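Novice: Next come a sequence and a model predicted from it.
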Amino acid sequence: MFFTYYREHKNLAMNIFIDENIPFLKDAFHNVGNVTLYNGRTLSNDDLIAGSCEYLISRSTCKVNQTLIKNTKVKFVATATSGIDHIDTNYLQNNNISFASALGSNANSVAEYVIYCILNWSKLKGHLVEGKAIGVIGYGNIGKLVAKHASLLGLKVYVNDPPLKDADFEFPDYVEYKELVELPFLCDVITNHVPLTKVGKYATDNLLDEKFLLAMNLESLLIHASRGGVVDENILLDRLIAEEIYACVDVFIGEPDFNTELAERAMLCSPHVAGYSFDGKVKGSLMVAEAFEMHTSIKTDKTDMLRQLSFYTPLEEHHYKDGEYVLELLSKKRKFDIDTKNMLSIIPLPDDERRKAFDMLRKKYPVRRESL
């Protein structure tokens, strides 16, 4: 098995494994313990045992479950991502292993992707976004920012989030709640920001199914940047082949495998990087460091992370009145068109090479700063 890692030995007992794709954490933990950097796709149970791992910090490519951490010394797991479907939280809880995530760290990054998709679609169609209707499915950290940005652009904002509705959540006055079945008939744009869950009252697996997708209005836009299994990819592809709707697709079932024809037919496609802004990654790293500090009462060095985040200044609201300006700004800062070109360029590769290239596009993702 191929396994590359960096290890920095300290005179402390703590053994900390950190995904090599998480920025700044190696330096943040340089005075804390023995640090091992690992590849999330190839990390094994044997690696954790051999390294006497106690603290495991991951990203979404690492499946943290019984297979990975059984018979290890792991007592704390953190993920520097908002999504946690790669973590078996029930197993951790049942084995008294503490867990922390970076919930919300990439929210503005994904929201910027959504706004770019809307403005790009609007320009392609030759119409203004003002007065169009957007359906935001999932009103969590990402959905709230999407709704806010969309409202500032002049869109009518509908939201759907049954858990919040059932909890009597008070939605702001610039959004209107609608049931899921209503959205495809009402909206010009649909975007989903829900976790992938397969069981329970609020399961989201195949949430946007055949019935939903076939009901979407002609020439409407679907933005898919949550998790692959939330959308029925086959039906979505059928509608794209028929040139009935548009789609921007950032997530796929079975990553790093992906539906190549769906990627080719999409208006924009990318290798699960909508949340990969530099700011979002740094915020995720910072949240993990803070969670570690709360768990251990040991301070990390957060100097570089805080310095980097100090450079961010959000766009003033009056600029949203000029959609062309916002589109140009996002094009310059986030370069989603380049992500699409890079994604399309790996499609001709043999399957195994394509999978590796998909991961490499994520691993080597360039610095892209947020602006909204």
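Specialist: Structure's in. What do you need?

Novice: can we go C-alpha only for contacts and neighbour counts from here?
Specialist: OK.

Novice: quick one: what helix or strand has Leu56 in it?
Specialist: Assigning secondary structure by DSSP states H and E places Leu56 in strand 55-58.

Novice: What pLDDT is listed against the spatially most central residue of the chain?
Specialist: Residue closest to the average C-alpha location in the chain (Cα atoms, centre = their mean): Gly275, at 4.4 Å. pLDDT recorded at Gly275 is 95.

Novice: Could you tell me the phi and psi values at it?
Specialist: phi -90, psi 20 (degrees, to the nearest 10).

Novice: hang on, the earlier thing: what is the rounded mean pLDDT of the strand holding Leu56?
Specialist: Rounded to a whole number, the mean pLDDT of strand 55-58 is 96.

Novice: do stretch 250-266 as well
Specialist: pLDDT averaged over stretch 250-266 gives 97.

Novice: next one: stretch 230-243
Specialist: The average pLDDT within stretch 230-243 is 98.

Novice: And for stretch 302-309?
Specialist: The average pLDDT for stretch 302-309 rounds to 96.

Novice: How about stretch 211-220?
Specialist: Computed over stretch 211-220, the average pLDDT equals 98.

Novice: Residues contacting it from elsewhere in the structure, which ones?
Specialist: Residues from elsewhere that reach stretch 211-220 (Cα atoms under 8 Å, 6 or more residues apart in numbering): 181, 184-185, 187-190, 235-236, 239, 243-246.

Novice: How about stretch 56-67?
Specialist: By Cα under 8 Å, 6+ apart, stretch 56-67 touches 16-19, 21-22, 40-41, 43, 45, 74, 76-81, 83-84, 86-88, 91-92, 288.

Novice: same check, this time on stretch 351-358
Specialist: With contact meaning Cα under 8 Å, 6+ apart, stretch 351-358 is reached by 255-257, 271, 343, 346-348.

Novice: Put the alpha carbons of it into PDB.
Specialist: The C-alpha coordinates for stretch 351-358 follow below in PDB (Å, rounded to 0.1, in the frame of the first residue of the first chain):
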ATOM      1  CA  ASP A 351     -10.900   5.200 -15.000                       C
ATOM      2  CA  ASP A 352      -8.100   4.700 -12.500                       C
ATOM      3  CA  GLU A 353      -6.200   7.700 -13.700                       C
ATOM      4  CA  ARG A 354      -9.400   9.800 -13.700                       C
ATOM      5  CA  ARG A 355     -10.000   8.900 -10.100                       C
ATOM      6  CA  LYS A 356      -6.500  10.000  -9.100                       C
ATOM      7  CA  ALA A 357      -6.800  13.200 -11.200                       C
ATOM      8  CA  PHE A 358     -10.100  14.000  -9.400                       C
END
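
Novice: List the buried residues of it.
Specialist: Neighbour counts over stretch 351-358 (16 or more other Cα atoms under 10 Å) mark 354-355, 357-358 as buried.
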